[in-house]
Structures are given as structure tokens and as C-alpha cells.
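Colleague: model the structure of this input:
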Amino acid sequence: MAETVAHFIAPNDPGLISESVQCPAKSGNVTAYLSRPKDGGKRGAVVVIHENRGLVDHIKDVARRFAKDGFVALAPDLLSRLGGTGQYKSPDDAIAAIRTLTNDMVVEDLHGALAYLKKLDFVSGRLGVVGYCWGGGQSLNFATKCKDLNAAVVYYGRNPDPIDQVQNIPCPVLGNYGEDDPNIIPGVEPLKQALTKYGKKFDIKVYPGAKHAFNNNTSAERYHPEAARDAWARTVSFFKQSLAG
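Modeller: Next up, the predicted model:
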């Protein structure tokens, strides 16, 4: 098992402004974690979609990592309409709650998060989305429902259903998958075929020996440091190219 890492960027990192915010949406306010560089200037923004355990400290750290790399990062708590991640006493309880959310509910709340970002004077207007596990599938699904995105990244998430919905994706797609992920890997080739069919720009990589959730540095069972480092570098480079200007 890999050695775990509690966080890469301290919650009180002096170079960042990190805070809890409220994003108005049709169902009510969506609580979110916002992190950005303290030095000002307009920057591209990234919506960070959490795993099926909700908005936990690990995902807040992921948001801070994006901020440290020069982006405005917003991680919405997609359990907000059910009372928020904090009310669940165990990961299993949060997972059970996540299962009651429909894709339409999630898309609605993500639109609220994106609308919030658009109004911030330190956001350039270039917008991306990235998701992990359950959030990876939601990232890809949201990309089929939102014309305002300039980049979409999926980490080991499920494909939109039906797959032909990818024809609606308005932006380049980056995919990071673990080879040792039996529930997700069968969908990679169909995704590549569908993206090719509809003329979409994409870059998908499968990491040998990596399991599902290989990016999660708080899970000794799942974390694959080498794959995680490479996928992070790919993701940051992709966002820098897609969200610049």
C-alpha cells in the first residue's frame, strides 16, 4: 500500500485565499469551497467535483492545489440540497445520500456553481470542470449539458448514458483512468470511439497498475503516487492551455 498524504497544500496557506461560499441555484444555495491565489488578477476558473463521499477535506485540498497552480477553484458540495456533507456521520452514509441524487439535480447545482464563478471579478471567463470517481462521471455528463465550458477533465468516471450525448460537449476532454479498475475501464474504448465519431478533441490515458481513485492521496489502498503525479501534471497543463487568455 502507498503511504498516504493528508494534504499537499495547507488549509491556511499564506499565498491563497480559501473560504466557504454560497452559490445560488434553483434548489437553494449550494455550499462550496473557493480557493484562489492571493496575488490578484483575472484567472481561469475550475469547478472541482467531489467523489461519492461528498465535499471532504481531500477535495478541498485538491481545490487548493489548483489555486496554487494559478487557477480559481470552486468545489461545490453537491449534497447541499440534502443538508450538506457535514451532517453525515460516516462515508457510507454520504455514499447512500449521493445515490439518491439524479443527474438532473447535479447538473442544476453545477450550473449554479458556474453562474457564481462568472460573476466574480477575478475570474477571466474561461471555465473548466474536473471530477473524480462519481464526480468524474458528473464532470463528463455536465460537459454534455453546458455550452460555456472551455475544458473538461474526467478521473475514472462513468460515461454519459447514452454515450452519444458526447456530441454535445463544447470543449476538449482529458481523461485519466487506472488500468486496475474493472467497473470503469470497459467504458474507456466506447468513450474514445464516441468522441472520435463526433469530432471531439480528447486526450485519454490509462495508467498500468493503478486502481480506481488512484489520485486520492488519503487512501492507502487506492493511492498510486506515480500515476497521480503524472495525471496531475497532465491536468494542470491541459487547463493552462484551455483556460488561458
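Colleague: can you check the pLDDT for the closest residue to Leu243 other than its chain neighbours?
Modeller: Counting by C-beta to C-beta, 6 or more residues apart in numbering, Gly44 is the residue found nearest to Leu243 once chain neighbours are left out, at 2.8 Å. (Glycine included, C-beta is placed from N, CA and C.) Note on Gly44: pLDDT of 98.
Colleague: with Asn103 instead?
Modeller: Reading off the model, Asn103 has pLDDT 97.
Colleague: neighbours of it, how many?
Modeller: When neighbours are defined as other C-beta atoms under 10 Å, Asn103 has 15 of them.
Colleague: gap between the two ends of stretch 35-52?
Modeller: 21 Å (C-alpha to C-alpha, to the nearest Å).
Colleague: measure Leu117 to Asp77 for me?
Modeller: 15 Å (C-beta to C-beta, to the nearest Å).
Colleague: output the contacting helices and strands for the longest helix anywhere in the chain.
Modeller: Scanning the chain for the helix with the most residues, using DSSP state H, yields helix 225-243. When contacts are defined as 3 or more C-beta pairs under 8 Å, 6 or more residues apart in numbering; DSSP states H and E, helix 225-243 packs onto strand 43-49, helix 57-68, strand 123-132, strand 151-155, strand 173-180, strand 202-211.
Colleague: mind putting those into TSV with mean neighbour count?
Modeller: Shown next, in TSV, are the helices and strands packed on helix 225-243 (neighbours: other C-beta atoms under 10 Å):
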stretch	mean neighbour count
strand 43-49	27
helix 57-68	22
strand 123-132	23
strand 151-155	28
strand 173-180	22
strand 202-211	16
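Colleague: out of those, which is closest to Gln87?
Modeller: Closest to Gln87 of the helices and strands packed on helix 225-243 is helix 57-68 (C-beta to C-beta; 15.8 Å).
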